[in-house]
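Chemist: Dropping the sequence and predicted coords here.
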Amino acid sequence: MAKTRPPVLGPTVDDQTRCIHYRTPVDIVAIKFFCCGDYYPCHLCHEETADHPTRQWPRDQRDSNAILCGVCGTELTISAYLATESCPSCSSLFNERCRLHTHLYFE
């Protein structure tokens, strides 16, 4: 039985979680926002469509599932995501430049 992928909110442009802001071949992750528990493709999507301000994931919650691979639907913990450059389930590469925005999502 195929697993049900959580919904990804915001202005997505395809079924691999790319959005109007980030849509290169490696922009395939969505992030669950700590403030609402909803997945968005990026911080700009959340800022533009959520009705509340962003809150970062606390450092002591890095074992929480908060990253969604848009290719295979695997959810990763924050720690696992920060320690890899690709999905551990399907080997799809993640955008290495996302590291520039880590501070927007995680303490």
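Modeler: The structure has been received and is ready for your questions.

Chemist: just checking, next helix/strand downstream of the longest helix along the chain?
Modeler: For the chain, the helix with the greatest residue count under DSSP state H is helix 43-49. Remark: after helix 43-49, the chain's next helix or strand is strand 65-69, criterion DSSP states H and E.

Chemist: Neighbouring strands - and their directions - for whichever helix or strand comes after that next one?
Modeler: On the C-terminal side of strand 65-69, the nearest following helix or strand under DSSP H and E is strand 75-77. According to DSSP bridges, strand 75-77 forms sheet pairs with strand 65-69 (antiparallel).

Chemist: got the contact list for the strand it pairs with?
Modeler: Around strand 65-69, the neighbours that count as contacts under C-beta atoms under 8 Å, 6 or more residues apart in numbering are 5-6, 8, 17, 28-32, 34, 39, 57, 74-78, 80-81, 87, 89-90, 92, 105. Placement of C-beta: from N, CA and C, glycine included.

Chemist: Just the ones of the residues you listed in strands?
Modeler: Of the positions in the contacts of strand 65-69, 29-32, 39, 75-77 sit in strands, assigned by DSSP state E.
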